[in-house]
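Undergrad: with the input below, show me the fold.
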Amino acid sequence: MRFAAVARLRRGEAAEVLPLEALPKDWRGRLTGGRSFLSQVLGFPAGRPAVMGILNVTPDSFSDGGWLAGPEAAVAAARAMVAAGADIVDVGAESTRPGAAVVSEEEELRRLSGVMPGLGGLCWSIDARKARVMTAALEAGAAMVNDVSALAFDEGALGVVAARGVPVVLMHAQGGPETMQVSPSYDDVLLDVYDWLEARVAVCRAAGARDILADVGIGFGKSVAHNLALLRGLALFHGLGVPLVLGASRKKMIGSLAGDAPVTERLGGSLALALHGAACGVQILRVHDVAETVQALRLWGAVQQVVET
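TA: Okay, here's the model as predicted:
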């Protein structure tokens, strides 16, 4: 991402546009550094957002719960995503959709047990909140942890990530899946989410976690208006000094803004939000429709190169 100026936001005040030279050195470092592990550790390409394919081995996920009836189908789906251009596959065995109940460790591990051995040779991450599940996945070859609770659900999770030195995605959510969509509220959603993530990044770094990414948590304790505000201000979160992940694929807000489109008819909205994320410099796009997103990014990238020349 290229930029020539920044906007400084303060609560209750209008944004102030500043030249880069006016920023303190440590803030310029936040905006321009701290992302090299994406290529050095995870092997992601430079010059475009990485594509993270979503693989839910659950019976109740909001978009594709129950679609993958067994381990063989799940493994085949993961390999198909990689063949279609996914840079990493995010594997989850516990639904965290609005209203979902907590799944026991035993059940989550049972769902993963037949899938993980078939993922050898792939770059994959574990979408989990529990230390035991993270440990099992990392021992089976997972390259990254993606935790919707930002390592706060299980008090042992941060220790697992820090001890193993693996990259981790910290996502913002207001409340847990059971209650998060019951009247979510913020004083200033953009700055409230930023401040929360900034504090959580600091806590995890102090505990020894190194390679940290952040996700604003579209749909996790947010109204449509909250989600739109976060998307409009997405570039702000580069100030955290970590790579950004955007997971907006097939989310309810797309249906709400597109005439109550059902989950199966949200591809256009998902691609629109993915390209918006790319334009805002997001480093990873978490998506269900890998082939279509890869194609959209390829065309978007070609147009950007023409414009810049």
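Undergrad: in which helix or strand would I find the residue positioned nearest the centre of the chain?
TA: Central residue of the chain (CA atoms, centre = their mean): V245, 3.7 Å from the mean position. Counting by DSSP states H and E, the element that carries V245 is strand 244-246.
Undergrad: okay, now the sheet partners of that strand, with direction.
TA: strand 212-215 (parallel), strand 284-287 (parallel) (DSSP bridges).
Undergrad: out of these, which is the most enclosed?
TA: strand 284-287 (a mean of 28; mean count of other CB atoms under 10 Å). For glycine as for every other residue, the C-beta is placed from the backbone atoms N, C-alpha and C.
Undergrad: please save the CA atoms from that strand in CSV.
TA: Taking Å, rounded to 0.1, in the frame of the first residue of the first chain, the C-alpha atoms of strand 284-287 are listed here in CSV:
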residue,chain,number,x,y,z
ILE,A,284,-4.9,-11.2,4.2
LEU,A,285,-8.4,-11.7,2.9
ARG,A,286,-10.4,-14.6,4.6
VAL,A,287,-12.9,-15.9,2.1
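Undergrad: ok, and what's touching it?
TA: 38, 44, 49-54, 88, 90, 213, 215, 243-247, 249, 270, 274, 277-278, 293, 297 (CB atoms under 8 Å, 6 or more residues apart in numbering).
Undergrad: what about those, which are in helices?
TA: L38, S270, A274, G277, A278, T293, L297 (DSSP state H).
Undergrad: let's have those residues in a markdown table, adding neighbour count and pLDDT.
TA: What follows is those, written out as a markdown table (neighbours: other CB atoms under 10 Å; pLDDT from 0 to 100):
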| residue | neighbour count | pLDDT |
| --- | --- | --- |
| L38 | 20 | 97 |
| S270 | 22 | 98 |
| A274 | 26 | 98 |
| G277 | 24 | 98 |
| A278 | 21 | 96 |
| T293 | 27 | 98 |
| L297 | 20 | 97 |
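Undergrad: check those and tell me the two furthest apart.
TA: The most widely separated members of these, counting by CB to CB, are L38 and S270 (22.4 Å).
Undergrad: circling back to that earlier point, could you dump the ones in helices among the contacts of strand 284-287 to JSON lines with distance to T32?
TA: Compiled in JSON lines, those are given as follows (distance: CB to CB, whole Å):
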{"residue": "L38", "distance to T32": "14"}
{"residue": "S270", "distance to T32": "30"}
{"residue": "A274", "distance to T32": "24"}
{"residue": "G277", "distance to T32": "19"}
{"residue": "A278", "distance to T32": "18"}
{"residue": "T293", "distance to T32": "26"}
{"residue": "L297", "distance to T32": "23"}
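Undergrad: show me which of these is closest to G121.
TA: Of the ones in helices among the contacts of strand 284-287, the one sitting nearest to G121 (CB to CB) turns out to be L38, at 19.9 Å.
Undergrad: residue ranges for the helices of this structure, please.
TA: 25-32, 37-40, 71-83, 105-113, 131-139, 157-164, 189-206, 224-232, 252-257, 267-279, 290-308.
Undergrad: next one: the shortest one to chain centre, how far?
TA: Taking CA atoms, centre = their mean, to the nearest Å, one finds helix 37-40 lying 16 Å from the centre of the chain it belongs to.
Undergrad: could you pull out the buried residues of that helix?
TA: For helix 37-40, the buried set under the neighbour-count rule, 16 or more other CB atoms under 10 Å, comprises F37, L38.
Undergrad: what does that helix rub up against?
TA: Outside helix 37-40, the residues that touch it by CB under 8 Å, 6+ apart are F44, P45, A46, A50, P167, R210, D211, P243, Q283, I284.
Undergrad: residues in contact with the fourth one?
TA: This means A50. Applying CB under 8 Å, 6+ apart, the residues contacting A50 are L38, L42, F44, D87, I88, Q283, I284, L285.
Undergrad: show me what it is bridged to.
TA: Going by DSSP bridges, A50 forms beta bridges with I284.
Undergrad: residues in contact with the nearest residue to A137 once chain neighbours are set aside?
TA: Sequence neighbours aside, I126 is the residue nearest to A137 in space, at 3.5 Å (criterion: CB to CB, 6 or more residues apart in numbering). If you count contacts by CB under 8 Å, 6+ apart, I126 has them with D90, V91, G92, V133, M134, A137, L138, A142, M144, V145, N146.
Undergrad: can we see that at 10 Å?
TA: Contacts for I126 (CB atoms under 10 Å, 6 or more residues apart in numbering) come out as 90-93, 112, 116, 133-138, 140-147, 166.
Undergrad: over to S104?
TA: So S104 contacts E94, R110, K130 (CB under 10 Å, 6+ apart).
Undergrad: same question for A235.
TA: So A235 contacts M1, F3, V6, A7, L31, L244, A279, C280, G281, V282 (CB under 10 Å, 6+ apart).
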